[in-house]
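**Student:** next come a sequence and a model predicted from it.
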Amino acid sequence: MEYQDYYAALGVDKNAAQDEIKRVYRKLARKYHPDLSKEAGAEDKFKEISEAYEVLGDPEKRAAYDQLGTGNQTGEDFQPPPGWNEGFEFSGGFPGGRMDTGTTSDFFEHLFGGQNRSGRPQAHTGGRDHHAKILIDLDDVFKGATRSIQLKMPKVTPDGHVTTELRTLNVKIPKGVRQGQHIRLKGQGSLGHGQGNAGDLYLEVEFSQHRIYHVDGRDIYLDLPVAPWEAALGGKVKTPTPVGPVDVSIPPNSKQGGKLRLKGRGIPGKPSGDLYIVLQIALPLADSAKAKNMYQTMADELAFEPRAGLGV
Amino acid sequence: MPDNKQFSLSCEVVSQTPELTLDELCRRSGLTSEKLTTYVEEGLIIPHGAETTQWRFSRMCLIEAHKISRLERDLGLNPAGVTVALELSSQIKTLEARLRYLEKDQIK
């Protein structure tokens, strides 16, 4: 079992007063709350500080924890001395049942985990719903795919302890799912009590960042580089789309940043989204005598004032 | 819990279809009906149906209700606080997506 340094997790001194611990916890909780923070690793960090606060925020648990001695660091192998919690009476488990959605360390479970968390289970109550995020690729949205995800889930053992269990689920990604939508896996949450139904598992869909496409709702954006003469004269150019390359017609006198819409080529669905092609005019370098001559000819022959709108 | 290692699970995309009553929403989210009514008044949860007794909620409402219940519990927020936090966080999400799009040219 690995020791957890709860004071280090919150970044407080071992002598910190209770109200300081609360203040620091609230501040960190606001910063790392997984429902508000997009920061990488926020969820793990939030679990860590919540677990620390479960113990340090409760004077009795804190006293018992302090009793274990100091000098250990998080991650060190640790066995509590026999009778470490004698004389401490924990008041009814978890204030507010804070830990019911998260998972806690083995260390926490071993020391404090045996207690009944949310009162005696009532007969025939439904199991809890669980929430997680799933990162999928844009390609999966077009083809539909089966993705394997691993989730750490709390599990109650027959003797009432709560442990974590690693579950692997093969999830069929529905075709046409959009960023921010949720997928519901019926009955994959916590088991209910008695004849209560199991809770559901909700997965919030996030797209992994794509190399060339940018997704906005049902629509997809693609920056398409074009040569100055393609933009000026118009013509057919080949463009990639998520389902394969197609030819698009560039209208003559197209401008930098101009958008072309390929209707129905966005995220599939009813209705399907659109694919927007954003023209990016790429300039050839004047790196040869020939290229320099051609630019010089344009400069000499075209009456073109790009800064006309700036009043200079 | 069933062993799912062998086969893939069918699932559904959560829709806006109103299918849950206020009672069911309370039971699943752990929020009281008074609390939920407050969030309906704040405009964070939008039911179908005019009268309280006719209210029906979609599963998106349920997901929102779970979120509300976590924020109240973990951060000690009140309904006004939860509403502001969720609205700002959704604005930040939109802006960050926009920023990612605008900045991707500079990364290349």
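**Tutor:** Right, received. Where do you want to start? Numbering: from 1, shown residues only, chains lettered A, B, ... in the order given.

**Student:** the helices in chain B, which residues?
**Tutor:** Remark: helices assigned in chain B by DSSP state H are B:22-29, B:33-42, B:59-75, B:79-107.

**Student:** again, but for the stretch 151-300 of chain A
**Tutor:** Assigned helices in the stretch 151-300 of chain A, in chain order: A:228-233, A:289-301 (criterion: DSSP state H, counting those that start in this stretch).

**Student:** please identify the most buried of these.
**Tutor:** Of all the helices of the stretch 151-300 of chain A, helix A:228-233 has the most neighbours on average by mean count of other CB atoms under 10 Å in any protein chain shown, namely a mean of 15. Any C-beta I mention is one placed from the backbone N, CA and C, and that applies to glycine too.

**Student:** and that one, what does it pack against?
**Tutor:** Counting contacts by 3 or more CB pairs under 8 Å, 6 or more residues apart in numbering or on different chains; DSSP states H and E, helix A:228-233 packs against strand A:275-281.

**Student:** could you check the angle the strand it packs on makes with helix B:79-107?
**Tutor:** For strand A:275-281 against helix B:79-107, the angle by axes from the mean of the first three to the mean of the last three CA atoms, to 10 degrees is 50 degrees.

**Student:** so which bits of strand A:275-281 are buried?
**Tutor:** By neighbour count on 16 or more other CB atoms under 10 Å in any protein chain shown, the buried set for strand A:275-281 is A:275-277, A:279, A:281.

**Student:** one more: stretch B:12-29?
**Tutor:** B:13-14, B:18, B:20-22, B:25-26, B:28-29.

**Student:** and these as TSV, adding pLDDT?
**Tutor:** Output for the buried residues of stretch B:12-29, formatted as TSV (pLDDT from 0 to 100):
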residue	pLDDT
B:V13	87
B:V14	90
B:P18	90
B:L20	93
B:T21	93
B:L22	93
B:L25	93
B:C26	93
B:R28	90
B:S29	91
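
**Student:** TSV for the helices of chain B, including distance to chain A?
**Tutor:** Below are the helices of chain B laid out as TSV (distance: least, CB to the nearest CB, whole Å):
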stretch	distance to chain A
helix B:22-29	6
helix B:33-42	14
helix B:59-75	5
helix B:79-107	5
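
**Student:** from these, which stretch is densest packed?
**Tutor:** Most buried of those by mean neighbour count (mean count of other CB under 10 Å) is helix B:59-75; its value is a mean of 21.

**Student:** and the helices of the stretch 151-300 of chain A as CSV, adding mean pLDDT?
**Tutor:** Converted to CSV, the helices of the stretch 151-300 of chain A look like this (pLDDT from 0 to 100):
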stretch, mean pLDDT
helix A:228-233, 96
helix A:289-301, 96
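
**Student:** got a markdown table for those, with distance to A:G192 too?
**Tutor:** Listed next are the helices of the stretch 151-300 of chain A as a markdown table, based on distance: least, CB to CB, whole Å:
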| stretch | distance to A:G192 |
| --- | --- |
| helix A:228-233 | 62 |
| helix A:289-301 | 73 |
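
**Student:** please name whichever of the ones you listed is nearest to B:E87.
**Tutor:** Closest to B:E87 of the helices of the stretch 151-300 of chain A, according to CB to CB: helix A:228-233, at 41.1 Å.

**Student:** and the contacts of that closest one?
**Tutor:** A:237, A:250, A:252-256, A:258, A:279, A:281-284 (CB atoms under 8 Å, 6 or more residues apart in numbering or on different chains).

**Student:** show me the residues around residue 9 that make contact.
**Tutor:** No chain in the question, so chain A it is. Contact analysis of A:A9 by CB under 8 Å, 6+ apart lists A:48-49, A:51-52, A:74.

**Student:** hmm, I had chain B in mind actually
**Tutor:** Counting by CB under 8 Å, 6+ apart, B:L9 touches A:169-172, A:185, A:188.

**Student:** and chain B, which of these contact it?
**Tutor:** Applying CB under 8 Å from any CB of the partner chain, the subset of these adjacent to chain B comprises A:169-172, A:185, A:188.

**Student:** out of the residues you listed, who has the most neighbours?
**Tutor:** Note: the member of the ones next to chain B among the contacts of B:L9 with the most neighbours is A:Q188, at 25 neighbours, neighbours being other CB atoms under 10 Å in any protein chain shown.

**Student:** skipping adjacent residues, who's closest to it in space?
**Tutor:** Leaving aside its chain neighbours, A:Q188 sits nearest to A:L201 (3.7 Å; criterion: CB to CB, 6 or more residues apart in numbering or on different chains).

**Student:** of the contacts of helix A:228-233, keep whichever come out buried.
**Tutor:** Counted by 16+ other CB under 10 Å, the contacts of helix A:228-233 give A:237, A:250, A:254, A:258, A:279, A:281 as buried.

**Student:** for A:Y25, give me the pLDDT.
**Tutor:** If you check A:Y25, the pLDDT there is 94.
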